[in-house]
Every structure is written in C-alpha cells, then in structure tokens.
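In: Can you look at this prediction? I've put the sequence above it.
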Amino acid sequence: MSTRTELQVAEVMISFSDTPKVSQETLFKDSLEIMDKNRLGIVCIIGKHQKLEGIMTDGDIRRILTRIQKPIAALMSDDVINHAIKNPTTVTNKTLLYDAIILMGQKQIWDLPVVADDGTLTGLLHLHPAIKAMIGMKEND
C-alpha cells in the first residue's frame, strides 16, 4: 500500500461488483430498492459495455419529487434514466485519493463513480472510507 499522500482511488474504492448499479431501462421504483439495499444513497446507471450513463442520488429523488407534477405511481414506472444526472462528476482509478476528496468537498458530494478512460464504470468512491484511508484509520475503527 502507498503512503497516505500517494494513495490512489483504486486502493479504496468499492469494487464494480459491489457498486449499486442498474441498467437504463430499470424502473425508477426498482432503482430505489437497489439504492436502499446498498445503503449508499446512490445508484449508478450503466448502458452497453458497462459505460456509465448517469447516476441517481437521494438528493436527486427529493428534487424530482418537488419538481415533477405527476402521480407517484406514474413516476415509479418511469425508466430511471429519464430522471438521472447524465453527466456526473467522476474520477479514474489512478486519481490520487487526496484529489478525489478535495473534489468531493468542492462539489459537496458523498460518492464519486470511478470510470476507466473509455467511460466504463469500474467502481465507486464513498467519502467515509476515503477519509478513513487518508487519516490512517482501519475500516473497523
């Protein structure tokens, strides 16, 4: 493992297999269930070849509920991509963890999708483990 200042996102991120993700055609309701199951407040939306197409967060859902003037039952049957943030802030595996944390602070976000150079989703960086890694805490502390 690198020194704390040299840590890269890849060393701390949630793996692709553990990242909450859905396809573009997933129902809004089903994406909420995935988000709830993973308890991260985010779901990544992927398209063909695991390309990141957007994200949906708890905050996005609150904003949607106050903005959309349609019955909740109708909203729940929409495809999630219809309400997604389609150009989310991302980082790569090689991004320095320190830089990613600074970016999260500037954007006031808790999670950053991690993508390869071609836009393929490779994982997710969550703020709490990132800060723990930077200050040298073990995950169980």
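Out: Yep, it's here. Numbering: from 1, shown residues only.
In: residue contacts, residue 99?
Out: Counting by Cβ atoms under 8 Å, 6 or more residues apart in numbering, residue 99 makes contact with residue 91. To be clear about C-beta, it is placed using only N, CA and C from the backbone, and glycine gets the same treatment.
In: roughly how far apart are it and residue 77?
Out: Going from residue 99 to residue 77 by Cβ to Cβ, to the nearest Å gives 40 Å.
In: How about residue 45?
Out: 16 Å.
In: and what of residue 49?
Out: Going from residue 49 to residue 77 by Cβ to Cβ gives 27 Å.
In: Between residue 45 and residue 77, which has more neighbouring residues?
Out: Comparing residue 45 with residue 77 by other Cβ atoms under 10 Å, the one with more neighbours is residue 45, at 27 against 12.
In: so is that one in a helix, a strand, or just coil?
Out: Three-state assignment for residue 45 (DSSP: H, G, I helix; E, B strand; the rest coil): strand.
In: With the one 4 residues further on instead?
Out: Of the three states, residue 49 takes helix according to three-state DSSP.
In: and it, how many neighbours does it have?
Out: Here the number of neighbours of residue 49 (other Cβ under 10 Å) works out to 9.
In: just the one 5 residues further on next, same as before
Out: A count of neighbours around residue 54, defined by other Cβ under 10 Å, yields 21.
In: Correct me if wrong: it contacts residue 90.
Out: No. Judged on Cβ atoms under 8 Å, residue 54 makes no contact with residue 90 at a distance of 11.0 Å.
In: tell me the mean pLDDT for stretch 110-123?
Out: Mean pLDDT, computed over stretch 110-123, is 96.
In: from the chain's centre, how far out does that stretch sit?
Out: Chain-centre distance of stretch 110-123: 8 Å, with Cα atoms, centre = their mean, to the nearest Å.
In: Kindly report the same for stretch 61-73.
Out: Relative to its chain's centre, stretch 61-73 lies at 21 Å (Cα atoms, centre = their mean).
In: And for stretch 6-21?
Out: So, by Cα atoms, centre = their mean, the centroid of stretch 6-21 is 10 Å from its chain's centroid.
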